[in-house]
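**Student:** Any chance you can model this:
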Amino acid sequence: MTVDAPLTQAVTAPGTAAPRCHSARRAELAAFLRSRRERITPEQVGLPRGTRRRTPGLRREEVAHLGTIGVTWYTWLERYTLRDTHQMAPA
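**Tutor:** Numbering: from 1, shown residues only. Here you go, the predicted structure:
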């Protein structure tokens, strides 16, 4: 994956459509994060296996905890739903 511009440029304001290239980049980031999360087992990062896992790999909550970010932020990244503040109307 190549990065041409900062991620802050790849986001749009709520209610606005993202430019095609930004949307594709966000989708690519989301697919990358999801694929890596699914490949890593809890045991590989020192977490207990737990009792029930509906899908392989780590849960979003576990990835967020390991990355020291909020679960909501990680979920937004993985679902590519972040919005760009530079396109918002001025207050």
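**Student:** Residue 80: which element?
**Tutor:** Here residue 80 sits in a region with no helix or strand, counting by DSSP states H and E.
**Student:** neighbours around it, how many?
**Tutor:** Per other Cβ atoms under 10 Å, the neighbour tally for residue 80 reads 20. C-betas here are computed from N, CA, C, even on glycine.
**Student:** now swap in residue 68 and tell me
**Tutor:** Residues near residue 68, counting by other Cβ under 10 Å: 6.
**Student:** which SS state does it fall under?
**Tutor:** Judged by DSSP: H, G, I helix; E, B strand; the rest coil, the three-state class of residue 68 is coil.
**Student:** From what I see, residue 56 and residue 38 are in contact.
**Tutor:** Yes - with contact defined as Cβ atoms under 8 Å, residue 56 reaches residue 38; the gap is 5.5 Å.
**Student:** name the element residue 72 belongs to?
**Tutor:** helix 71-78.
**Student:** would you list every one of the helices in the chain?
**Tutor:** Ranges of helices within the chain are 20-39, 60-66, 71-78, based on DSSP state H.
**Student:** Please work out the average pLDDT along the first one.
**Tutor:** Averaging pLDDT along helix 20-39 gives 86.
**Student:** Any regions of the chain where pLDDT drops low?
**Tutor:** Along the chain, the model assigns pLDDT under 70 to residues 1-20, 81-91.
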